[in-house]
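Trainee: Dropping the sequence and predicted coords here.
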Amino acid sequence: MNWKPPPRLRSEDTWAEVRRAWEGGATGASLARRYDVGLANLWRRRASEGWERRAGEDPAPEPVEGWERHAQRTMAAFELRREETRRLAHALAQAMTGTGGERPLKGVPLWHAGYVLACRAERLGAKTAARDREWMMKRHGWAAEFWDAEGRLEAVPMLDALTLEVHREAWREDAGLPPGEAEAWP
């Protein structure tokens, strides 16, 4: 003999609340969990009682992991991005104000190096720009193209394009592009 759990009986007040919530845009799955009613029963009642949703926007689809886990994951990602942004801002501020010490571009991501060099040259003068050029040439031979024949720094868009050209594969990896896919980028 197979034992079956007793049927879950819900009051008409509960079903009226389920109906109001469903007609207001809540998803069937979320209501089934919230009110502990079977999803199949919810659909049967909806069909037999003629429940209709009000015209309006579709509700946001519930994430697979549920709203609580989605919110937790989203908050963790937000906090990580915020901390990364703050570290970057600190490194950029030190580099642009000349308070970075012996290693003026320490902590500055490669993708921002051209911009920082241009800001330092503008704000800190020719001597700093000359030291930066020497520093960059020692560490990054490819950076020789950042300066023209007279030693003037190229415009920031040119610096960005050169950096991206030289480090194309690193950009593709950061972007999650597998080899052989979307080869026109960047």
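Mentor: Structure's in. What do you need?
Trainee: Now residue 183: phi and psi?
Mentor: Phi and psi for residue 183, reported as degrees, to the nearest 10, are phi -60, psi -20.
Trainee: Check what pLDDT it gets.
Mentor: As predicted, residue 183 sits at a pLDDT of 92.
Trainee: Which stretches in the chain count as helices?
Mentor: Using DSSP state H, the helices of the chain run over residues 12-23, 28-35, 39-49, 67-97, 113-124, 126-139, 156-166, 168-175.
Trainee: Point out the most buried one among these.
Mentor: Comparing those by mean neighbour count (mean count of other Cβ atoms under 10 Å), helix 113-124 ranks first with a mean of 19. The C-beta positions use only the backbone N, C-alpha and C, and glycine is treated the same way.
Trainee: Domain map for this protein?
Mentor: The record's domain parsing of the chain by automatic domain parsing lists 12-49, 88-175.
Trainee: so which of these comes closest to residue 4?
Mentor: Set against residue 4 and scored by Cβ to Cβ, these come closest in domain 12-49, at 13.4 Å.
Trainee: about what we covered before: now mean pLDDT and distance to residue 61 too, for the helices of the chain, in TSV please.
Mentor: Output for these, formatted as TSV (pLDDT from 0 to 100; distance: least, Cβ to Cβ, whole Å):
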stretch	mean pLDDT	distance to residue 61
helix 12-23	92	15
helix 28-35	91	10
helix 39-49	92	16
helix 67-97	93	11
helix 113-124	92	39
helix 126-139	90	49
helix 156-166	94	36
helix 168-175	91	26
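Trainee: hmm, back to that, so which of the domains of the chain is nearest residue 71?
Mentor: It's domain 12-49; of the domains of the chain, that one is closest to residue 71 (Cβ to Cβ) at 14.0 Å.
Trainee: How far does that closest one sit from its chain's centre?
Mentor: 35 Å (Cα atoms, centre = their mean, to the nearest Å).
Trainee: what's the first-to-last distance across that domain?
Mentor: End-to-end distance for domain 12-49, by Cα to Cα, to the nearest Å: 13 Å.
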